[in-house]
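# Here's a sequence, model it:
(2 chains)
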2 protein chains.
Amino acid sequence: MTEHTPPRHTVVIASGGLDSTTVAYWLAGSGSMLTLLSFDYGQRHRKELDFARRTAGRLGARYELVDLGRLDGLLSGSALTDPTVEVPDGTYTAESMRSTVVPNRNAIMLSIAVGAAVAAGADAVAFGAHAGDHAVYPDCRTEFFDAFAEAARFGNEGFIAEDFRLLAPFIAQTKADIVRVADQVGVPFTDTWSCYRGGALHCGTCGTCSERIEAFALAGVEDPTEYADATAGAAR
Amino acid sequence: MTEHTPPRHTVVIASGGLDSTTVAYWLAGSGSMLTLLSFDYGQRHRKELDFARRTAGRLGARYELVDLGRLDGLLSGSALTDPTVEVPDGTYTAESMRSTVVPNRNAIMLSIAVGAAVAAGADAVAFGAHAGDHAVYPDCRTEFFDAFAEAARFGNEGFIAEDFRLLAPFIAQTKADIVRVADQVGVPFTDTWSCYRGGALHCGTCGTCSERIEAFALAGVEDPTEYADATAGAAR
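Coordinates of the predicted model:
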């Protein structure tokens, strides 16, 4: 969160999760106009996308859903898109996070977001990557974002806003930091969805649920999430 | 064409046109295994994609078609995707080429191609951009490809081939140079499609047809293309 002048219009990559929803509320609070852009890349459930749309409604933002579902065959092998791969339970380890990697996913989403920004005359694209993602997701690291932003500026010279920025405000922060910021900027936590399983409630045991529970605990912010596994809260 | 060791397996972005078909034949001749990847991004006609599939068949390559048609609304404003914009006639000028720009199109296609390369264990992605594209398409310039290749390597560290390369063998060459190379490596010219209009024959008058006619003339290679406008050949 080191940007001083807020963008005029930001295309936010919105998954419906805690990180990107917090980015959206933080930018809305700074006065930026918003377009929320979600991607359906053949996730096993699409529930999180309903949450992204709800956030767009609450913030008065334009909402666009891009269907990348047909990339399944090309980019197969991930737990997120391949129903033959088991969802890993418990706290993320390097190994279990690896099984959730969709090859080059962030570059694909960011390229489309940059195209949408050029078409809409927006001067920023924002993305919710955070420090906890770095170890296993190489496309959540600063050097990737820097190289990608340079490619976006070169590749759209004359068409893109001259002061175009790629914002990853949480790139050096932890998930607990994000919960604290979310609390400050008034994110309605029950409008965010983390669980990899798409049940009626957050399961409380999968990798993303474990991470969510831990982040609230570390941030010292009350977690209003209702978890299907009642022991999930007690485990804190 | 400055690469000395041929790649083991290359994902070639294949439009069915002269440039990318020549890239495919050139790489096949060097001994690289090939995957041909085409994109349907809501072009007004899909005829060129049939030509890309035909080339894959002739070269014994895997063929994949990625449907990006639903990006229309997001990336509108281009003559290629918006039926309300007229196809410019005659030789390309900066202004008429501008109307054929799809925002960030090459980055979108390249990102998906890199993801496919990671998934398939391929060590290269190849693209048919040439010097004639540079003036108006900023995403056909060396500085874009260099920044993009760096982003691809950073963004897929640990997953992508260590010697991964983004190949744009014609980046410093003209369309006439490509015709000469095509002639040398045995591209069946009638298996390539250039015309922006999707008629039974090449129209002979649109920007890409004019460029094709001129390239053959400058290369001193006989043009076997049958043009609908009989004066097109005579204009050479």
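# So in chain A, where's the weakest helix or strand by average pLDDT?
helix A:94-98 (a mean of 49; mean pLDDT, DSSP states H and E).
# now for the helix or strand that that one is followed by, which elements pack on it?
If you walk from helix A:94-98 toward the C-terminus, the next helix or strand you reach (DSSP states H and E) is helix A:105-120. If contacts are counted by 3 or more Cβ pairs under 8 Å, 6 or more residues apart in numbering or on different chains; DSSP states H and E, helix A:105-120 sits against strand A:9-13, strand A:33-40, strand A:124-126, helix A:142-155, helix B:105-120, helix B:142-155. (Glycine included, C-beta is placed from N, CA and C.)
# who wins for proximity to A:Tyr227 among those?
Relative to A:Tyr227, the nearest member of those by Cβ to Cβ is strand A:33-40, separated by 24.1 Å.
# ok, residues contacting the closest one?
For strand A:33-40, the external contacting residues (Cβ atoms under 8 Å, 6 or more residues apart in numbering or on different chains) are A:8-16, A:24, A:27-28, A:46, A:49, A:52-53, A:55-56, A:59, A:61-69, A:109, A:112-113, A:116, A:120, A:122, B:74.
# just the buried members of those?
A:9-16, A:24, A:27-28, A:49, A:52-53, A:55-56, A:59, A:61, A:63-64, A:66-68, A:109, A:112-113, A:116, A:120, A:122, B:74 (16 or more other Cβ atoms under 10 Å in any protein chain shown).
# contacting residues around the nearest residue to A:Ala126 once chain neighbours are set aside?
Using Cβ to Cβ, 6 or more residues apart in numbering or on different chains and skipping the chain neighbours, the partner closest in space to A:Ala126 is A:Leu167 (4.1 Å). If a contact means Cβ under 8 Å, 6+ apart, then A:Leu167 has A:Glu3, A:Pro7, A:Thr10, A:Val23, A:Leu27, A:Ala124, A:Val125, A:Ala126, A:Phe127 as its contacts.
# May I have stretch A:28-40 as CSV, with CA atoms only?
The C-alpha atoms that make up stretch A:28-40 are tabulated as CSV, following Å, rounded to 0.1, in the frame of the first residue of the first chain:
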residue,chain,number,x,y,z
ALA,A,28,-13.0,2.2,-3.5
GLY,A,29,-12.2,4.0,-0.3
SER,A,30,-9.4,5.8,-2.0
GLY,A,31,-11.8,7.2,-4.6
SER,A,32,-10.9,5.0,-7.6
MET,A,33,-13.6,4.0,-10.0
LEU,A,34,-13.7,0.2,-10.2
THR,A,35,-14.3,-2.6,-12.7
LEU,A,36,-14.3,-6.0,-11.1
LEU,A,37,-13.1,-8.8,-13.4
SER,A,38,-13.6,-12.5,-12.4
PHE,A,39,-12.4,-15.6,-14.2
ASP,A,40,-14.1,-18.9,-14.5
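# If we ignore the residues flanking it in sequence, what's nearest the residue lying farthest from the centre of chain A?
Distance from the centre of chain A peaks at A:Gly158, with 29.1 Å (Cα atoms, centre = their mean). Spatial nearest neighbour of A:Gly158, chain neighbours left out: B:Pro138 (6.1 Å); criterion: Cβ to Cβ, 6+ apart.
# Assess the claim that that neighbour and B:Ala147 are in contact.
No: counting by Cβ atoms under 8 Å, B:Pro138 stays clear of B:Ala147, with 11.3 Å between them.
# tell me, what's touching those two both at once?
Residues touching both B:Pro138 and B:Ala147 (Cβ under 8 Å, 6+ apart) are A:Phe154, A:Gly155.
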